[in-house]
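Engineer: output the structure for:
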Amino acid sequence: MMDIAYQPYIDPIYESLIERIHPPRVCIDNDTCQDCTIVKVDSANKHGILLEMVQVLTDLDLVISKSYISSDGGWLMDVFHVTDQLGNKLTDESLILYIQQALCATRRENLSKEPLAKRDQFKSRHLSTKHTVLEMTGTDRPGLLSEISATLTELECHIVAAVVWTHNGRTACVIYVKDEAKLGGPITDPEHLARIEEQLENVVEAHHGRGERRSVRLTAPAAGRTHTERRLHQLMFTDKDYEQCGCHCEDSSRLQECPGPHISIEGWKEKGYSVVNIKSRDRPKLLFDTICVLTDMEYVVSHAAVMSEGIMANQEYFIRHRDGCTLDGECEKRKLTECLIAAIKRRVSHGLRLDVSTHNKRGLLSDVTRVIRESGLSITRAEVRTQGERAIGSFYVTDAAGQEVDPGTVELIRKEIGGSALIVSKSSRWSTPRLSSASSISRSGSNSSIEDHKPRLSLGGLIWSKLERLSSNFSPIKL
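Structural biologist: Numbering: from 1, shown residues only. Okay, here's the model as predicted:
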């Protein structure tokens, strides 16, 4: 017999009214702390608003070294300790004004027509609503990106931007293109879109065996397009790259030496929360990646504390399902553990980093990836974008066996692409802690362990006192 659940209907107009009556308040404080700027946000709560706020800060390449989050019930209060990438406070008045307006606009984009201050100066490079977008997932095979970009060039599609991730034998990419035949406009002709998609399907199919998962999707410009990196997380999640993810370091005393994330999920039945603790190496955008997974898996973060401790990052989340339930089943806990580990590992950089900055020309991505492929190298991660007449890109490469690249091969690539256009920098598996964007908490002696007793509140004990103190301390912007 089918179960029927009834939920109250909330008119969208009523939700909009709440936002009008209680608009977000943002305080940017440069006085309280000597070594960082404190960003405080106080607003009505909605699912996904925490991710949107973190997205605003990370898109500006700001470092979030510490954060206290409370969004239980209908109200939200978040506190972020941020610096620029050099570890300095935020003193640029135009940047401060942009942050304030952008954070307020996360839930009010339809309520105000006032332009954001210097919007173009700080515009996110991870979102494009003016171009046709290609989304692809499949098995990670050498040369796949090269053949895709070559096919797009042959079909008169100019690549404006591209982001490629690989993880656990899988790959996903989001590529923005425009129509060369229409002087750079989007590709809107249905027949042309269908022809391009068919050609790309053939290319991807040629790199896959029978029964292997793959997908190719080409869409016209859309106003509500998802943030590029969040979309990559969604694509890889749908592709199930999280399967078999885990860390096998059982010795808790050696967590500092183990590069993998360590996760525990415990039940706190008295308060109706599941407590998720994550301990990992610190790296850029770690907080963004973690919140992406929790949000897209329909979990609500009621409270959280995050901070960096040296090279390590600590995160503690008090979560529920959107329907108010906690994580009770072992399978559900295990899946969340695997998905969080996958989200953290997807952005980890493997191999040698090749930076390209050169004149933007037709078929540039095709040329660069062809040279890399013909040199016997594999691309583990890539990001390319155009800025006016310039094209900027970063490629992380390994040899065919996943090992370090031979210096002689690098020199051949440099000569082929052009020495003035290629900068080589060695990449470690985990980025330096200075560029962090989050942190995590470890449960001693646990590695992705799953327990169901009252948790020992490590960072959680700080949340209540910190938030109570800060909630009464909202004030105008201090420069």
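
Engineer: C-alpha from now on. contacts and neighbour counts both.
Structural biologist: Noted.

Engineer: please report how far residue 359 lies from residue 307.
Structural biologist: According to C-alpha to C-alpha, to the nearest Å, residue 359 stands 41 Å off from residue 307.

Engineer: likewise for residue 103?
Structural biologist: 21 Å.

Engineer: who has more neighbours, these two?
Structural biologist: residue 307 (26 against 21; other C-alpha atoms under 10 Å).

Engineer: tell me which element that one is part of?
Structural biologist: strand 299-309 (DSSP states H and E).

Engineer: direction included, what does that strand pair up with?
Structural biologist: strand 63-70 (antiparallel), strand 312-321 (antiparallel) (DSSP bridges).

Engineer: just how off-centre is that strand within its chain?
Structural biologist: Chain-centre distance of strand 299-309: 16 Å, with C-alpha atoms, centre = their mean, to the nearest Å.

Engineer: now do the SS call for residue 326.
Structural biologist: Counting by DSSP: H, G, I helix; E, B strand; the rest coil, the backbone at residue 326 sits in coil.

Engineer: for it, give me its contacts.
Structural biologist: Residues near residue 326 by C-alpha atoms under 8 Å, 6 or more residues apart in numbering: 267, 272-274, 319-320.

Engineer: ditto for residue 140
Structural biologist: With C-alpha under 8 Å, 6+ apart, residue 140 has these contacts: 166, 169-171.

Engineer: and the gap between it and residue 331?
Structural biologist: 27 Å.

Engineer: any chance of the backbone angles for residue 202?
Structural biologist: Main-chain dihedrals, residue 202, degrees, to the nearest 10: phi -60, psi -40.

Engineer: give me the neighbour count for it.
Structural biologist: For residue 202, using other C-alpha under 10 Å, the count is 12.

Engineer: ok, it - contacts?
Structural biologist: Contacts of residue 202 (C-alpha under 8 Å, 6+ apart): none.

Engineer: surely residue 84 and residue 61 touch.
Structural biologist: Yes - counting by C-alpha atoms under 8 Å, residue 61 is a contact partner of residue 84 at 7.2 Å.

Engineer: what bits of the chain have low per-residue confidence?
Structural biologist: For the chain, the stretches with pLDDT under 70 are 1-22, 106-128, 183, 247-259, 419, 426-479.

Engineer: quick one, domains of it?
Structural biologist: 12-63+72-124, 132-226+349-426 (automatic domain parsing).

Engineer: and residue 301, which of the ones you listed is closest to it?
Structural biologist: domain 12-63+72-124 (7.9 Å; C-alpha to C-alpha).

Engineer: what about the closest one, distance to the chain center?
Structural biologist: Worked out by C-alpha atoms, centre = their mean, domain 12-63+72-124 lies 17 Å from the chain centre.

Engineer: circling back to that earlier point, looking at the strands paired with strand 299-309, which is buried most?
Structural biologist: Comparing those by mean neighbour count (mean count of other C-alpha atoms under 10 Å), strand 63-70 ranks first with a mean of 26.

Engineer: just checking, what packs against the next helix or strand after that strand?
Structural biologist: With elements assigned by DSSP H and E, the helix or strand that comes after strand 63-70 is strand 75-83. Helices and strands touching strand 75-83, as assessed by 3 or more C-alpha pairs under 8 Å, 6 or more residues apart in numbering; DSSP states H and E, comprise strand 37-44, strand 63-70.

Engineer: to residue 211, which of those lies closest?
Structural biologist: Of these, nearest to residue 211 by C-alpha to C-alpha is strand 63-70, at 42.5 Å.

Engineer: tabulate the CA atom coordinates of that closest one in CSV.
Structural biologist: The C-alpha coordinates for strand 63-70 follow below in CSV (Å, rounded to 0.1, in the frame of the first residue of the first chain):
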residue,chain,number,x,y,z
VAL,A,63,40.6,32.4,2.1
ILE,A,64,38.1,31.3,4.7
SER,A,65,40.2,30.2,7.7
LYS,A,66,37.4,29.9,10.2
SER,A,67,33.6,30.0,10.2
TYR,A,68,30.7,29.6,12.7
ILE,A,69,27.3,28.7,11.1
SER,A,70,23.9,28.6,12.7
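
Engineer: from residue 308, how far out is residue 170?
Structural biologist: Counting by C-alpha to C-alpha, the gap from residue 170 to residue 308 is 30 Å.

Engineer: ditto for residue 283
Structural biologist: For residue 283 relative to residue 308 (C-alpha to C-alpha), the value is 10 Å.

Engineer: again, but for residue 398
Structural biologist: Distance from residue 398 to residue 308, by C-alpha to C-alpha: 30 Å.

Engineer: next: residue 416.
Structural biologist: From residue 416 to residue 308 the distance is 42 Å (C-alpha to C-alpha).

Engineer: neighbour count winner among these two?
Structural biologist: Counted by other C-alpha under 10 Å, residue 416 and residue 308 do not tie: residue 308 has more neighbours, with 25 against 14.

Engineer: could you check the angle strand 75-83 makes with the strand holding residue 307?
Structural biologist: Taking axes from the mean of the first three to the mean of the last three C-alpha atoms, to 10 degrees, one finds strand 299-309 and strand 75-83 inclined to each other by 30 degrees.

Engineer: may I have strand 299-309 as CSV, with CA atoms only?
Structural biologist: What follows is strand 299-309, C-alpha atoms only, in CSV (Å, rounded to 0.1, in the frame of the first residue of the first chain):
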residue,chain,number,x,y,z
TYR,A,299,20.8,17.8,3.9
VAL,A,300,20.3,20.9,6.0
VAL,A,301,23.2,22.3,7.9
SER,A,302,21.7,23.6,11.2
HIS,A,303,25.0,24.4,12.9
ALA,A,304,28.7,24.1,11.9
ALA,A,305,32.2,25.1,13.0
VAL,A,306,35.1,25.1,10.6
MET,A,307,38.7,26.1,11.0
SER,A,308,42.3,25.5,9.8
GLU,A,309,45.0,24.1,12.0
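
Engineer: can you start the count at 35 instead of 1 from here on
Structural biologist: Will do, 35 is the new start, and the previous item becomes strand 333-343.

Engineer: would you mark the buried spots in that strand?
Structural biologist: 333-343 (16 or more other C-alpha atoms under 10 Å).

Engineer: do the same with stretch 74-91
Structural biologist: 74-79, 82-91.

Engineer: now do the end-to-end distance for that stretch.
Structural biologist: 12 Å.

Engineer: contacting residues around residue 197?
Structural biologist: 207-209, 262, 415-418.
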